[in-house]
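*Asks:* sequence and predicted model, in that order:
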Amino acid sequence: MLPQATIDLAATLLAALRERGLTSATAESCTGGLVAAALTAVPGSSDVVQGGFVTYSNAMKSRLLGVPEAVLTLHGAVSQECARAMAEGALGAAEAGLAIATTGIAGPSGGSAEKPVGLVYIAVARAGGDSAVRRCHFPGDRDEVRAATVETALLLALAELRAG
């Protein structure tokens, strides 16, 4: 289903989480659960992965993750602010040590001049720590944008773990 390189990266992240005694959660929009799928494709991941949230609609982002209506109204679902709120919401809802969030426009439609297809925000939140957010623009079709988002999300989470 997922490329072996992505599964290997997920295994590396899981090992780093285990080493630090942390659990994880995901909050996904444009990736539709693919980050969680990558993590759970690794045998034995259940000792680290708490769960995940697929929140396509703004209502679900607010209801399940606590994303403030003001964030969605002022900045939109595809924004740095929303990605951060999603990650922090998943962290609390799952009582996890680290959460990864993705929100963006995978295409082929839905883009605008301000927010083109391929624009994605990825956030990583840590319990008791700061949240990191990365703005990305991935080329390609829907599958390529989503695959690149999953890989980048796993890399960002790993970098955040190693940094602090």
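*Replies:* Noted; the coordinates are in hand.
*Asks:* spatially central residue for this structure, please.
*Replies:* Relative to the mean C-alpha position of the chain, the nearest C-alpha, by CA atoms, centre = their mean, is the one of residue 101, at 2.4 Å.
*Asks:* can I assume that residue sits in a helix?
*Replies:* No - assessed by DSSP: H, G, I helix; E, B strand; the rest coil, residue 101 does not belong to a helix; its assignment is strand.
*Asks:* how about the helix or strand harbouring residue 157: buried residues?
*Replies:* In this assignment (DSSP states H and E), residue 157 forms part of helix 142-163. The neighbour-count check on helix 142-163 (16 or more other CB atoms under 10 Å) flags 145-154, 156-158, 160-161 as buried. C-beta here means a position set from N, CA and C on the backbone, and glycine is covered the same way.
*Asks:* residue boundaries of the strands in the protein?
*Replies:* Using DSSP state E, the strands assigned to the chain run over residues 24-28, 49-54, 98-104, 119-126, 131-137.
*Asks:* run the angle between the last one and helix 142-163 for me.
*Replies:* The directions of strand 131-137 and helix 142-163 differ by 150 degrees, with axes from the mean of the first three to the mean of the last three CA atoms, to 10 degrees as the criterion.
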